[in-house]
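Visitor: Need coordinates for the below:
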Amino acid sequence: MYISLISIIVFFDSALTVGDTGELILFLPVFVLMLIIVLAYAILFFKQVQERLRIQSFLEDLREAHEKVEELTLANERQRMARDLHDTLAQGVAGLIMQLEAADAHMSQNHAERAQEIIRQSMQHARRTLAEARRAIDNLRLKSAPEVDFKEAIGDEIEHFNDATGILVSTEYHLNKQLSRLLMEHSLHIIKECLTNIARHAKADKVWVVVSTQNDRLIIEIRDNGIGFKTDDIGKDVGHYGLLGIKERVRLIGGEINVDSNSEGTRIKLETPFIEGELT
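Guide: Now for the predicted structure:
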């Protein structure tokens with residue numbers, strides 16, 4: 001606008017100085033055309049500057065977003081490693097302690113045969129824990145077998161729990177759909193963690209495990225007749241992250257969890273939609 005105004009002033013000043021009105025009328029269209037060209041160039045230049053500024057702003061936003069993604073990735077990796085360590089080493093060692101305590105109790109009662117059997121099971125459990133730890137370190141979290149039966153895997157966990165604690169477990173299955181590997185893996189870890197918590201804290205003598213599929217949702221319910229606990233204290237006790245890890249796994253598979261506990265026992269119910277993916 002400044003250049004256009006100066007051009008108009010210079011043009012009319014020159015025309016008035018010359019004093020020839022005919023020449024003024026003759027060169028007026030040429031002047032208008034030149035003025036249009038100057039204005040078009042100015043507008044184009046202005047748009048290019050604005051586009052360049054906008055691109056620079058987008059690049060800055062992209063850089064900030066990339067930094068945030070890196071931070072979230074590192075945080076998620078730390079959480080995943082914490083879950084892997086808890087699910088392999090912590091749970092494995094806890095299981096070994098329960099089995100050795102059971103063997104010690106049988107030895108004190110002169111039940112040598114039963115104690116030796118539990119010790120043999122402990123050795124197998126230790127080897128299995130070591131193998132799981134190695135798989136976690138190698139970030140190979142899937143089962144080595146090409147196909148794994150979900151019901152059979154739950155049965156194995158319950159059998160190990162019963163051998164280590166002697167607690168009676170009542171199971172009920174209503175499965176009519178195959179599960180993805182991801183959903184099955186998280187579900188098995190959740191069941192294993194629930195049983196470990198019962199063995200360590202509940203002082204129960206009976207446990208109920210119900211697994212069913214209803215309306216495209218997987219439902220897992222685990223109950224015991226133990227002493228219960230305060231649900232408000234979940235995640236507050238240092239070193240006790242079992243239920244916190246369960247809630248994190250439930251969140252990762254898009255499910256919901258409900259924990260009820262009182263002096264008559266504890267009930268944990270998980271509902272999650274089926275995850276699309278590779279089926280067992």
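Visitor: low-scoring pLDDT stretches of the stretch 1-150 of the chain, where are they?
Guide: Low-confidence segments of the stretch 1-150 of the chain, defined by pLDDT under 70, span residues 4, 11-12, 14-27, 70, 73-74, 76-90, 131-148.
Visitor: any idea how far Leu182 is from the residue nearest to the spatial centre of the chain?
Guide: When the chain is reduced to its mean C-alpha position, the nearest residue by Cα atoms, centre = their mean turns out to be Leu252, at 3.8 Å. If you measure Leu252 against Leu182 using Cβ to Cβ, to the nearest Å, the figure is 9 Å. (Glycine included, C-beta is placed from N, CA and C.)
Visitor: still on that earlier bit, look up how far Glu71 lies from the residue nearest to the centre of the chain.
Guide: From Leu252 over to Glu71 (counting by Cβ to Cβ), the distance is 19 Å.
Visitor: Same check on Ala126?
Guide: Using Cβ to Cβ, one obtains 38 Å as the distance from Ala126 to Glu71.
Visitor: now Arg181
Guide: For Arg181, the distance to Glu71 under the criterion Cβ to Cβ works out to 29 Å.
Visitor: So the two - more neighbours on which side?
Guide: Taking Arg181 and Glu71 together and counting by other Cβ atoms under 10 Å, Arg181 has the greater number of neighbours (16 against 10).
Visitor: which residues sit in contact with Pro273?
Guide: By Cβ atoms under 8 Å, 6 or more residues apart in numbering, the residues touching Pro273 are 216-218, 254-255.
Visitor: will you turn these into a markdown table that also has neighbour count?
Guide: Output for the contacts of Pro273, formatted as a markdown table (neighbours: other Cβ atoms under 10 Å):
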| residue | neighbour count |
| --- | --- |
| Asp216 | 8 |
| Arg217 | 15 |
| Leu218 | 23 |
| Gly254 | 11 |
| Gly255 | 22 |
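Visitor: Which one among the residues you listed sits at the bottom for pLDDT?
Guide: Ranked by pLDDT, these bottom out at Asp216 (84).
Visitor: for the nearest residue to it once chain neighbours are set aside, what are its contacts?
Guide: Using Cβ to Cβ, 6 or more residues apart in numbering and skipping the chain neighbours, the partner closest in space to Asp216 is Phe274 (5.6 Å). With contacts defined as Cβ under 8 Å, 6+ apart, the neighbours of Phe274 are 177, 179-180, 183, 213, 216-218.
Visitor: Now, those that are in strands?
Guide: For the contacts of Phe274, the ones inside strands are 213, 217-218, with DSSP state E as the criterion.
Visitor: Make a markdown table out of these and add distance to Lys230.
Guide: Shown next, in a markdown table, are those (distance: Cβ to Cβ, whole Å):
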| residue | distance to Lys230 |
| --- | --- |
| Thr213 | 32 |
| Arg217 | 29 |
| Leu218 | 28 |
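Visitor: Just give me the closest of these to Met34.
Guide: Checking the ones in strands among the contacts of Phe274 against Met34 with Cβ to Cβ, the nearest one is Arg217 at 74.1 Å.
Visitor: Hmm, Leu270 and the closest one touching each other?
Guide: No: because the distance of 9.9 Å does not satisfy Cβ atoms under 8 Å, Arg217 is recorded as not touching Leu270.
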